[in-house]
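K.L.:
Show me how the following folds:
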Amino acid sequence: MRGSDFAELTAFVSVAETQSFVRAASRLGLSRSALSHTIRALEERVGTRLLNRTTRSVSLTDAGRTLFARLPAAFAEIKDAVDGLSVYHERPAGTIRLNLPRVAAEVLVASKLPAFAAAYPAIHVELTVEDQLSDIVGSGYDAGVRPGGLLHQDMIAARVTPDFRTAIVGSPAYFELNPIPVAPKDLAGHACINYRWTESGVLYRWPFRKAGEQVDVEVSGPLTMNDAGLTVQAALAGMGLACTLESNVKQELAQGRLVRVLEDWCPPSPGFYLYYPSGRLLSAAFRAFIDFMRCGEDVSHKAEFS
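P.N.:
Reported below is the predicted structural model:
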């Protein structure tokens with residue numbers, strides 16, 4: 001049904017209920033001539049007269065009574081359907097689909113998603129974990145999560161984590177047999193636990209910055225895997241050094257189960273941002289998710305991937 005068809009039927013019901021073009025026009029906010037034109041268009045479309053008109057009265061024809069007998073119930077059903085959507089505003093519900101890298105998923109699952117699920121039990125969050133930079137719009141995602149330096153152009157970005165730091169860690173047992181590295185170049189003499197990106201197959205290069213110098217080091221060692229959490233487990237087992245997020249090993253460092261090195265080469269980096277297309281009408285569920293996850297202000301972001 002076209003929008004004009006619905007408008008014509010609405011006009012017809014109003015005239016039938018008020019039995020007056022003047023009162024119906026006032027109810028609809030139309031001029032009498034515009035209302036008369038709309039009714040004529042409806043009668044021409046259905047091919048029969050629906051209303052008998054005189055200078056003093058308006059009455060339904062047999063065809064008009066047949067149509068009017070069914071329309072109020074149909075309109076009431078449509079109104080109920082529309083009104084039923086208010087539950088999504090009053091009690092947000094539905095599914096939110098996110099694309100994010102594994103490390104961001106680990107951070108959100110450990111920190112914010114449990115509380116969100118408790119606060120909004122009617123919202124289902126579906127995570128697709130992949131480290132490549134996907135087209136979230138073309139792939140049907142509501143949003144993506146990426147570090148602040150890796151955002152799509154023409155997106156709105158909402159910070160969902162503070163800035164983060166990497167940490168180079170090894171077990172005390174490992175350092176009983178190996179010297180403490182004091183510069184990134186010293187890693188060449190150490191057993192390092194490698195991480196390989198699943199999608200691209202590329203080995204992760206450990207990033208370091210200090211006093212304006214930036215270097216990404218390709219490390220080598222006895223073990224390579226595609227699970228960031230397991231790299232920490234391997235370091236705890238004494239197999240070598242691991243590069244991970246500081247937040248992932250706070251407890252192990254505090255307990256002395258891991259030792260941190262090269263800390264002065266690991267300054268803070270931009271935190272993770274939830275990003276989504278600008279201009280999109282946001283569902284109540286997605287708006288609730290943004291508000292709950294945000295730990296900073298939304299920004300319009302128009303830079304290319306860096």
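K.L.:
domains in this structure, as residue ranges please.
P.N.:
3-83, 89-154+278-301, 166-265 (automatic domain parsing).
K.L.:
Turn the ones you listed into CSV, columns for mean neighbour count.
P.N.:
C-betas here are computed from N, CA, C, even on glycine. Formatted as CSV, the domains of the chain follow (neighbours: other Cβ atoms under 10 Å):
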stretch, mean neighbour count
domain 3-83, 14
domain 89-154+278-301, 16
domain 166-265, 16
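K.L.:
Which of these has the lowest mean pLDDT?
P.N.:
Per-stretch mean pLDDT for those is lowest at domain 89-154+278-301 (a mean of 80).
K.L.:
just to revisit the earlier point, can I get the domains of the chain in CSV with distance to residue 272?
P.N.:
Listed next are these as CSV, based on distance: least, Cβ to Cβ, whole Å:
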stretch, distance to residue 272
domain 3-83, 37
domain 89-154+278-301, 5
domain 166-265, 10
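K.L.:
Could you say which one of these comes nearest to residue 271?
P.N.:
domain 89-154+278-301 (6.2 Å; Cβ to Cβ).
K.L.:
Give me the nearest residue to residue 243, chain neighbours excluded.
P.N.:
residue 206 (4.6 Å; Cβ to Cβ, 6 or more residues apart in numbering).
K.L.:
again, but for residue 52
P.N.:
Counting by Cβ to Cβ, 6+ apart, residue 52 lies nearest to residue 59, which is 4.7 Å off, once chain neighbours are set aside.
K.L.:
Contacts only, for the one you found.
P.N.:
Residues in contact with residue 59 (Cβ atoms under 8 Å, 6 or more residues apart in numbering) are 19, 51-52.
K.L.:
what's the helix or strand for it?
P.N.:
Residue 59 belongs to strand 58-60 when assigned by DSSP states H and E.
K.L.:
Repeat that for residue 106.
P.N.:
Assigned by DSSP H and E, residue 106 falls in helix 102-111.
K.L.:
just residue 121 next, same as before
P.N.:
Following DSSP H and E, one finds residue 121 outside all helices and strands.
K.L.:
Using a markdown table, lay out the contacts of residue 59 together with secondary structure and distance to residue 79.
P.N.:
Below are the contacts of residue 59 laid out as a markdown table (DSSP: H, G, I helix; E, B strand; the rest coil; distance: Cβ to Cβ, whole Å):
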| residue | secondary structure | distance to residue 79 |
| --- | --- | --- |
| 19 | coil | 22 |
| 51 | strand | 24 |
| 52 | strand | 29 |
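K.L.:
which one of these is nearest residue 12?
P.N.:
The nearest member of the contacts of residue 59 to residue 12, counting by Cβ to Cβ, is residue 51 at 7.8 Å.
K.L.:
Kindly state the beta-bridge partners for the closest one.
P.N.:
residue 60 (DSSP bridges).
K.L.:
What's the end-to-end length of stretch 28-36?
P.N.:
12 Å (Cα to Cα, to the nearest Å).
K.L.:
Sorry, wrong one. I was asking about stretch 261-270.
P.N.:
21 Å.
K.L.:
One more: stretch 216-231?
P.N.:
18 Å.
K.L.:
Against residue 21, how distant is residue 75?
P.N.:
Computed as Cβ to Cβ, to the nearest Å, the residue 75 to residue 21 distance reads 20 Å.
K.L.:
do the same with residue 261
P.N.:
86 Å.
K.L.:
which ones are touching the residue nearest to residue 243?
P.N.:
So residue 206 contacts 166, 168, 184, 187, 192, 216-217, 219, 243 (Cβ under 8 Å, 6+ apart).
K.L.:
Then residue 252?
P.N.:
169, 232, 236, 258.
K.L.:
10 Å instead, please
P.N.:
167, 169, 171, 232, 235-236, 244, 258-260 (Cβ atoms under 10 Å, 6 or more residues apart in numbering).
K.L.:
Dump the strand or helix carrying it to CSV, restricted to CA.
P.N.:
For residue 252, the host element (DSSP H and E) is helix 250-254. The C-alpha coordinates for helix 250-254 follow below in CSV (Å, rounded to 0.1, in the frame of the first residue of the first chain):
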residue,chain,number,x,y,z
LYS,A,250,47.7,-6.7,36.8
GLN,A,251,46.9,-9.5,39.2
GLU,A,252,49.8,-11.6,38.1
LEU,A,253,52.2,-8.7,38.5
ALA,A,254,50.9,-7.8,41.9
